Each structure stands twice: as structure tokens, then as C-alpha cells.
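*Asks:* Quick one, what's the 3D model for this:
(chains A and B)
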2 protein chains.
Amino acid sequence: MNFSIYIPPQATGDVKLPAIFYLSGLTCTEQNFITKSGFQRYAAEHGIIVVGPDTSPRGVKITGDDESWDFGVSAGFYLDASKEPWSKNYRMGSYLNNELYNLVQQAFNNIDANRIGIMGHSMGGHGALVSTLRNPGLYKSVSAFAPICNPSACPWGVKAFTGYLGEDKNKWVEWDATELVKSYNGPPLTLLIDQGAADTFYKDKQLLPENLVKACRAAEVPVILHLRDGYDHSYYYISTFIGEHFDFHAKILKA
Amino acid sequence: MNFSIYIPPQATGDVKLPAIFYLSGLTCTEQNFITKSGFQRYAAEHGIIVVGPDTSPRGVKITGDDESWDFGVSAGFYLDASKEPWSKNYRMGSYLNNELYNLVQQAFNNIDANRIGIMGHSMGGHGALVSTLRNPGLYKSVSAFAPICNPSACPWGVKAFTGYLGEDKNKWVEWDATELVKSYNGPPLTLLIDQGAADTFYKDKQLLPENLVKACRAAEVPVILHLRDGYDHSYYYISTFIGEHFDFHAKILKA
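*Replies:* Below you'll find the predicted structure:
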């Protein structure tokens, strides 16, 4: 597995700095964010380490893993598959929240274990929200660009969950932010959701931020939804607002 | 031919704004700069239109045009070839400085014809310098990241010039910034040259900024050379300093 890591100039000696995990969306590798978002400037300004995992297992061949762009390779959905033949290798949830989470702290001594945040885009926004809600306290701050907020109720999510988890929808709620937030009782948390109003996937109801906002309000979990007039689903959109997201995380992680 | 154009929010009605042409390097299309440099933020802040041409003719097939990455397709060197079989189609000099230069002004009425600058990277830095020096006054400001400064004296340039212009080195001086600056007598001009000190192409003497600086000093043409400690030839390097280059151009074009 490849991952990216950005170490800001403040990381000298054994100084402890906050870290943010960034999760990419469908079709991406760990490269898209680091080449296209321009995040480095903001991470350098705030003194934040940034880790970017890949979006699925690599180097394993499972029949059907490359038949579509929204399932299998580069479409791991940051969950642990329970259905054969995916359940052996497609365990991106455990990879991210256990294996990689611990590995980077062991390998890079500047990461402050108590100040780790997470953000992501699209499928990666889903991953950031679900990772935070399933593991209370593991991530102190969370934000998402155009996240898949309610995968049980959208075509991308139904396809992925049916494939990775099977037909039993009781298993789906464990990996669905809109469902998970209903029973969240971890440390206080504010969800920052960013959404381009001209995003065709938003208009096609793949993302459903309104469902998550409604669930948050019912559960009294603070949520901020920024609807950005005229913006689409692309990295041009992300690069425009990535600085605001770093400000949001820095305010929490450096408080 | 594809080209990119960025129109900043200031371009309303018939307001006239400065424009900058950005020329990419070997292997690029018009896409690399717009996806990787993060220039949009600075162009928006300054209110500058930015045009990005492709790096060679497309859609024509000439034997040998795809045999190497530094000659033929995506390696047009922003010159007018005079040697067969390249001389019919490989005329990027005329395309850029005549055809595209005029076309964008006709198609986009916010471009101020008297406030046009040019910049580029590597082969595109060569293109920016040569286009400015060959056409005095056409570009009011010029800067370059890691430009090929003296193509007659480096392996990339010798290969390209031999292929496009032939063996007669008298023809080469017409497309070589270090040679052209010796006889420059156009409007006052300051060349801004940016170079990463850890750039392997710089260390391999493909770029030779010291030759250009020496020639500029002898010809009394002002030149600024920024040598950036630790930086390489990549778009990470460009994205770090692109804001400084926009400041430089804005100071001239908006004076």
C-alpha cells in the first residue's frame, strides 16, 4: 500500500504537531490530493502533518474488481467488507483506523496522537465521517467536501454496500454516516460539510447532505453545511476551499 | 489545438484586464499548469487573465514524432521549424505569437492588448524568453521557472534544434535566449529567472541559467535570478513560487 505524508517545516526535533488524514474519492490514488489541491501552503502555515492513504487495496486480483469505476479497485469505501470474495482484502476501515493510524505515529515521531483530524472528498468524505463516528475520539476534528452522506440511500452506496456487505441492510447502518450519527455519544464533535451547489452528483442525489444534516439536528450533533453556489465536484472546487478547511481543523487541533 | 483560459471575477462588461500566457514544458499539455500550479488564486487576486497553449501540434502524424519524449509531440519548443518534414506543422512560434495571440484578443474582449505578459516552465521558460526577445514589445513582462536558457549548448536543445532547424547553427541563435539577448534593443525589460538548486536537469546542465545571466549582464539587460535551495523541477516547486511570479508580472502590467 502506498500513502502520502506531508511534513511541514515546523516538524523539527521531537516537537509534536497535529495531523490530518485526507481520504480521496472514487478513481483516485494517494496522488490526486497532493498534486491538485494546493493544501501544502495551508499545512505549512498551520504546522500540520497530512497523511493520504490510497482508496482501495492494490496488488490483489479479485474477479470483478475492475469492471466498474465505482466498485473494487480505487473504490474501497473505507469499510471492512464482510461478503466473499471481498472480505479478505477489502478492509480499508481497519487499514485506515488501525494499521495506518498506528504505523504513521510509529514511523514519524512528530505526530501528536492526541491531535489527529480527518477530512475527505466524495467517497473519502463518507470515509472521514464514518471513521470519526464509528471510533469516538480517534479523530478530534472532521470535515468533508461533497461527501456521500447516506450511502444506504444512494446508487453508489447501494451498489458498494450490496457488494461488500451483502443484502442485509442491518449491516449497512454500521457504515453510513447518516445512520451512525443517530446513536453517536462520543466526545463533542462538529461536522463541517462542504458541498458545491452545481455538483451533478449532488443534483443526482448521490451525496444527500440534507439527510445527514437532518439526522444531526435530531441527534443534537452540531453540523455546518456550506453550500457553494456554482461549484462542481472537482479539485478546482476543493483547491478553492481547502484553506478554509485547514483553518477549521487548526482551530480545533491547536486549541 | 486546445488552449486553456482563466477569466478572473474582475472581467465584467468591457473592462480591460492584463493577460499572461503560460507555456508548459516537455510532456505537458495545456492541462498540467491549470491542475497542478494553483495559479488561479493569484490570478483572481490580481485580476489577470491567463492563457495556456499546448506544447506541440496535435492531430498530425509525422514519422518519428513519438519516438522520444523530448522531440516531436509535446516537445515543439515554441519555434518555427525550417527543416523537413517538421517545417509544415511544427510552427509553434507563429502559432503562439501571431495566431493564438490575436485569436484570444478577438474571442475574449476583456484582454488589454497593451498589458500582456508571458511566463513558462523548462521548455516553456525557453519559449517565454525567446518569444519576448524575438518580438520586442509584444510581451511587457516575462518570467520563467527552470527555463532552458541556452538551448544551443545543452543536450535537449541540440537535439531539438538539429531536428527542427537543421545543422546550420546560424539558425539556432534566432531561437536561443542567451544568444538573442546579446542583440536585444527593444523596450526596457527585466527577465525574472527562477531555478531550483536541487533540480537534476539544472545539475545536468540542460538549463544553464548562468549563461543567460552572463549574457544579460554583458548586454546590460536587467535580470533577476532566484536560486531556490532544495527545490526540484516539479510542479510542487512551481506551486510554491507561482504567487511571487504573479506579483512580479502584476507590478509591471498594472503599473
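*Asks:* give the contact list for A:Val73.
*Replies:* By CB atoms under 8 Å, 6 or more residues apart in numbering or on different chains, A:Val73 lies in contact with A:Ser56, A:Pro57, A:Arg58, A:Asp65, A:Asp66. To be clear about C-beta, it is placed using only N, CA and C from the backbone, and glycine gets the same treatment.
*Asks:* Now the buried members of the residues you listed.
*Replies:* A:Ser56, A:Pro57, A:Asp65 (16 or more other CB atoms under 10 Å in any protein chain shown).
*Asks:* I'd like to know the phi and psi angles of the residue in the stretch 1-150 of chain A that chain B sits nearest to, please.
*Replies:* Residue nearest to chain B within the stretch 1-150 of chain A: A:Gly38 (3.8 Å; CB to the nearest CB). Backbone torsions for A:Gly38, taken as degrees, to the nearest 10, come to phi 70, psi 20.
*Asks:* does it really touch B:Ser239, like I thought?
*Replies:* Yes: counting by CB atoms under 8 Å, A:Gly38 touches B:Ser239, with 6.2 Å between them.
*Asks:* more crowded one of the two?
*Replies:* Taking neighbours as other CB atoms under 10 Å in any protein chain shown, A:Gly38 and B:Ser239 compare with A:Gly38 leading, 23 against 18.
*Asks:* and the stretch 101-250 of chain A, which residues reach chain B?
*Replies:* Taking CB under 8 Å from any CB of the partner chain as the criterion, the stretch 101-250 of chain A approaches chain B at residues A:Tyr235, A:Tyr236, A:Ser239, A:Thr240.
*Asks:* Without its sequence neighbours, what residue ends up closest to the second one?
*Replies:* When the adjacent residues along the chain are set aside, A:Tyr236 lies closest to B:Gln40, with 7.3 Å between them (CB to CB, 6 or more residues apart in numbering or on different chains).
*Asks:* Now the top helix by length along chain A: buried residues?
*Replies:* Taking DSSP state H as the assignment, the helix of chain A that covers the most residues is helix A:235-253. Buried residues in helix A:235-253, defined by neighbour count with 16+ other CB under 10 Å: A:235, A:237-243, A:245-246, A:248-250, A:252-253.
*Asks:* circling back to that earlier point, show me the subset of the contacts of A:Val73 that also lies near chain B.
*Replies:* Cross-checking these against chain B (CB under 8 Å from any CB) gives no overlapping residues.
*Asks:* Relative to A:Ser131, which of the residues you listed is nearest.
*Replies:* A:Ser56 (15.4 Å; CB to CB).
*Asks:* how many other residues sit next to the closest residue to the closest one other than its chain neighbours?
*Replies:* What sits nearest to A:Ser56 in space, not counting adjacent residues and going by CB to CB, 6+ apart, is A:Gly76, at 3.5 Å. By other CB under 10 Å, the residues close to A:Gly76 number 30.
*Asks:* Tell me who's in contact with A:Gly76.
*Replies:* Going by CB under 8 Å, 6+ apart, A:Gly76 touches A:Thr55, A:Ser56, A:Pro57, A:Tyr90, A:Met92.
*Asks:* dump the residue contacts of the last one.
*Replies:* Okay, so that is A:Met92. By CB under 8 Å, 6+ apart, A:Met92 lies in contact with A:Pro53, A:Thr55, A:Ser56, A:Pro57, A:Gly76, A:Phe77, A:Tyr78, A:Leu79, A:Asp80, A:Gly127.
*Asks:* if we go to 6 Å?
*Replies:* A:Gly76, A:Tyr78 (CB atoms under 6 Å, 6 or more residues apart in numbering or on different chains).
*Asks:* Show the backbone phi and psi for it.
*Replies:* Per degrees, to the nearest 10, the backbone of A:Met92 is at phi -70, psi -30.
*Asks:* pLDDT wise, what is it at?
*Replies:* Looking at A:Met92, its pLDDT is 98.
*Asks:* what do you get for the third one?
*Replies:* Here, the pLDDT recorded for A:Pro57 equals 97.
*Asks:* In contact with it, which residues?
*Replies:* Residues near A:Pro57 by CB under 6 Å, 6+ apart: A:Asn89.
*Asks:* For it, which three-state class applies?
*Replies:* coil (DSSP: H, G, I helix; E, B strand; the rest coil).
*Asks:* rewinding a little: ok, so of the buried residues of helix A:235-253, who is nearest B:Arg217?
*Replies:* Using CB to CB, A:Ser239 comes nearest to B:Arg217 of these, at 39.2 Å.
*Asks:* pretty sure that closest one is in contact with A:Gly38, am I right?
*Replies:* Yes: between A:Ser239 and A:Gly38 there is a contact at 4.7 Å, judged by CB atoms under 6 Å.
*Asks:* which stretch of helix or strand covers A:Tyr22?
*Replies:* Here A:Tyr22, judged by DSSP states H and E, is contained in strand A:17-23.
*Asks:* residues making contact with that strand?
*Replies:* Strand A:17-23 has contacts (CB under 6 Å, 6+ apart) with A:11, A:33, A:47-52, A:110-112, A:115-120, A:124, A:127-128, A:249, A:253.
*Asks:* which of these are buried?
*Replies:* Among the contacts of strand A:17-23, those classed as buried by neighbour count (16+ other CB under 10 Å) are A:11, A:33, A:47-52, A:110-111, A:115-120, A:124, A:127-128, A:249, A:253.
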